[in-house]
Structures are given as structure tokens and as C-alpha cells.
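1. This is a predicted model, with the sequence first.
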Amino acid sequence: MGESFDIVIRGAKLRGEDAGLRDIAVADGRIARIAPAIDGKGAQEIDAAGGLVTESFVNTHLHLCKVWTLDMMHEGALQAYHGGSMGKAMSAIEQAAVVKENYDAAWITENARRAVALAALHGNLHIRALADVDSKAKLEGVKALIAVREEFRGIVDVQVVAFAQDGIIREPGTTELMEAAMEMGADVVGGIPWIEFTDADAAEHVRICFDLARKFDADVSMLLDDAGDPGLRTLEMMAKEAIARGWEGRALGHHCRAMCLYPDPYFGRLAGLLKKARVPIVSDPHTGPLHARVKDLLEEGVLVSLGQDDISDAYYPFGRNNMLEVVFLAAHLLWMTTREEVSRLYDMVTVDAAKSMNVDGFELAEGAPAHLVVLAEPDVMEAVRNHAAPRAVVSHGTLVDQDEMTRLAARPA
Ligand SMILES: [Zn+2]
């Protein structure tokens, strides 16, 4: 009689392995054993039937307080954000702010619950989720996302970002609201310095965020240079501040779309600074016509991940929290289509994304926390082709209840 485990996955194909299938045993929340054939029994047995088993998916950027709000406004913001080479991105953010006049934790919680249940169904088990904090949204978004974080604890790990979407200097009272959000239990300090009216204000915005990060011992996430303006330099500002504060490896740069307009010599210097500050970049090439220079960043050795960014809001009309779908879109938009490049993209929604948001011990290895997806397809290329939901998802060593998640993800009648 062999050992007993919580779960045994039989006949799994692992990434990069040419020969043979593996069994994976899970016990006490962790991967207990990986071997060609595990003697013993799981309380739950899953037949992977030669399907690919990997680490679960990670989403480093999601505006979770705004999901499903597109129906609540007209589509002017979408046009402003995407049109004219993103020259009017700031106006889009101002138009999108209209929805916040009706911000209420009750409906935001319901919307966010649907989106996180969709994430669970798609094996997307770690999310860095931004909640707007400003004079209109107040703390309603933060309240809602903290409630949803607690509701999904053990299934989907949500990092709540207290995010100053409408600016700090141009939006008086935001610093105090951000501080209150951190007191309430938000996990990450979120800024958007490029939206300020002057470079001096942008620098002050960055300093305020790092002051809060130090006070609450929190990581920083900032949306940077998110417009078609080659003069924007807030990524550089954030990286310099991270070094000055000893916050290397704790500040994440989002969007950085203006980077695609930078001259090469400046881009080269910037990449050097990012490595020194250990600032990773999240790109969401499907949510805007411009995007960070992902291939060049990878070549320079900068850590890069992909985010879902939006689900049916003023900036993007689609999205299902399906990171394989995000990879599928990115493969086209970035023209990364060889086996090696698609494999790289897969890292950018799994292991590299986990590193970018400081998720500890995230790997498919004995002893690591068991966050796994069992896919129907035998390899990464086929998985990305179909971008279908996994056949089974294991979170914290427990099988995700797909019927329950399907129920929670359903659009209310
Ligand atoms: Zn965004």
C-alpha cells in the first residue's frame, strides 16, 4: 500500500520535457512529489492524459474596480484612448472618470466577484488589482476589492493596489485617501505620475507614493508614460526613486507606452537603469495602439510580464481574465510567433509575472506551493492556439470548484 496524498495528477506533460510523462502528487498545499510513476493514491485523482501541466497563470495588471463598467457610459473614452496615436489618452481618463460619480462598493464587489471567478476558471490565480482612489471614487473601490480578496482567499490571491488614477497633485485630498486605503489593508501603493500637469508635479507624485510605500512596507506599482508623447520620462523617475529609497525589486512599471517613441540611445540607458533598480515592466499590447518595446527589453535582460489590463471598461471592450488569450493577442501584436518566443510569452504570464509581483516560491518543483493548471493540449503552442480554459486548476493544493466558479462568473439575469 503506497502513500496517500490530497491530489495526484497522472500522466502530465511538463514544459520542455521531450521524453515521458510525469505524475505529480500534492499534499498539504504543496507539490509533494514529481516522478514518472507515483505509487500511492490521491484523495482526488486527475488523469492529465498527456496534457500539459504548468504553474498557474498570473495577471500583473487589472483594473478590477472598473470591470463591466463599459455599459455604464458612452464609448467616447474608448475612442479618445485609442485614436490619434494616443495623443488624447489623458482626455480618455477624464471621460472615464464620469462613472466614478456613482461609485459604490456594493456594485463594484459584484462586478469584481464575476471577474475573479472567471480568473479562477481560467487558472489565473494571482492578480495585482488596481482600485481607484480619488475625490470621486473615494475608498469605494478599495473596500470592494478588499472584500473580494478575502472572499477568494485560498482560490485566487488578489493584491489590492491603492491607485491614484486621477493624479495626486492635481487631485487634492488624494494623498490622505491613499493613506487611508493602506490603513484599511490595501497591499500595494499605486501611482500614475505622467498624468500630472508638470514634470515637477510628476516627480512629487512619485515621491509621495514612495513615502507611503516606506510607511506601510509595501510594493509600488505605477502606470507610466501611457500616451503617445516621446517626452514622457516618468519610468526613469520611478526607477531612480526606487534606487534612492533602497526599493529595488519592489517597484513595478506598467504600460510605459511612450517607450516605443524613444530614440535608441536613450532606450539603452533606460534599460540599464531598469536593471539596476530591478524594475520589471508589465505590457498590455492589446489595450492600446502603442506599447512598450517588449522584445528589446527582453533582449536587454529586463523582466517583462503581460497583463489583462481591462475587462469591459472605458479603455477596452473585451477580456475574460484568460491569460492564454492575452498571450495569443500579444503573439500577434508583438510578432513573437516562433516556438521559443511563444514559450517566452508563456513565462510572461506565469513564472516571470509571479517574480514581477513578488509571489514567493512560484515554480513547478517539489516543495513549492501547488498552484497548477492541467491543460487539454500537449504543449505551449497548442495551448496558446486554443486559449481554452484548463481542464483542472489547483490552487494552494486544492482543486478549484469549477461549477461554483461558473455560477459566480455568470452575468446576473
Ligand atoms: Zn491599465
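-> Yes, it's here. These numbers were taken from a predicted model, which means no experiment stands behind them.
2. what are the ranges of the helices in the stretch 1-150 of the chain?
-> Listed in chain order, the helices found in the stretch 1-150 of the chain under DSSP state H, counting those that start in this stretch are 76-82, 89-96, 105-121, 140-151.
3. Quick one: closest of the ones you listed to Ile168.
-> Of all the helices of the stretch 1-150 of the chain, helix 89-96 sits nearest to Ile168, with 13.8 Å by C-beta to C-beta. C-beta here means a position set from N, CA and C on the backbone, and glycine is covered the same way.
4. can you list contacts of the closest one?
-> 66, 73, 76-78, 80-81, 165-166, 195, 226-228, 288, 313-315 (C-beta atoms under 8 Å, 6 or more residues apart in numbering).
5. Spatially central, which residue of this protein would that be?
-> Central residue check for the chain by C-alpha atoms, centre = their mean: the C-alpha nearest the mean position is that of Thr60, 1.8 Å away.
6. what comes up buried for stretch 138-156?
-> The neighbour-count check on stretch 138-156 (16 or more other C-beta atoms under 10 Å) flags 138-149, 151-152, 155-156 as buried.
7. What pLDDT is listed against Ala89?
-> Looking at Ala89, its pLDDT is 79.
8. swap in the one 10 residues further on?
-> At Val99, the predicted lDDT confidence score is 80.
9. Identify the residues contacting it.
-> By C-beta under 8 Å, 6+ apart, Val99 lies in contact with Lys66, Thr69, Met72, Met73, Ala314.
10. Mind telling me what element Phe328 is part of?
-> Here Phe328, judged by DSSP states H and E, is contained in helix 323-333.
11. Can you get me a residue count around His387?
-> 17 (other C-beta atoms under 10 Å).
12. Please name the residues that touch the residue lying closest to it once chain neighbours are set aside.
-> Counting by C-beta to C-beta, 6 or more residues apart in numbering, His387 lies nearest to Leu324, which is 3.9 Å off, once chain neighbours are set aside. The contact partners of Leu324, by C-beta under 8 Å, 6+ apart, come to Phe57, His122, Val349, Ala383, Val384, Asn386, His387, Ala388.
13. Tabulate those residues (a markdown table), appending pLDDT.
-> Formatted as a markdown table, those follow (pLDDT from 0 to 100):
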| residue | pLDDT |
| --- | --- |
| Phe57 | 99 |
| His122 | 98 |
| Val349 | 98 |
| Ala383 | 98 |
| Val384 | 98 |
| Asn386 | 98 |
| His387 | 98 |
| Ala388 | 98 |
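14. If you rank those residues by neighbours, which is first?
-> Of the contacts of Leu324, with other C-beta under 10 Å as the count, Phe57 tops at 29 neighbours.
15. my read: that residue touches Leu372, true?
-> No. Counting by C-beta atoms under 8 Å, Phe57 sits too far from Leu372 to count as a contact (10.5 Å).
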